[in-house]
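> Below is the sequence, then the predicted model.
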Amino acid sequence: MLLLRVSTQYTIIEFIGEGCFGKVAKCQVNSTSELVAVKIMKDTFGNHL
């Protein structure tokens, strides 16, 4: 899953990785409690989120 904007669908549990284009977070889907990995992209100016 790729996250390009702020979302209230997920709760970040912990960050599990980082690369050139963003971070990967272990998240919980608020509506189902399912655990997923979400890639959070850096913004268009290359700043870290």
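The structure has been received and is ready for your questions.

> Okay, strands next: where are they in the protein?
Taking DSSP state E as the test, the strands found in the chain are 2-3, 10-18, 22-29, 35-41.

> any idea which of those is most buried?
Of all the strands of the chain, strand 22-29 carries the top mean neighbour count, a mean of 18, counting by mean count of other C-beta atoms under 10 Å. All C-beta atoms are positioned from the backbone trio N, CA, C, and that covers glycine.

> what angle do that strand and strand 10-18 make?
Angle, strand 22-29 to strand 10-18, by axes from the mean of the first three to the mean of the last three C-alpha atoms, to 10 degrees: 150 degrees.

> what would the strands of the chain look like in a markdown table with mean pLDDT?
What follows is the strands of the chain, written out as a markdown table (pLDDT from 0 to 100):
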| stretch | mean pLDDT |
| --- | --- |
| strand 2-3 | 58 |
| strand 10-18 | 95 |
| strand 22-29 | 93 |
| strand 35-41 | 91 |
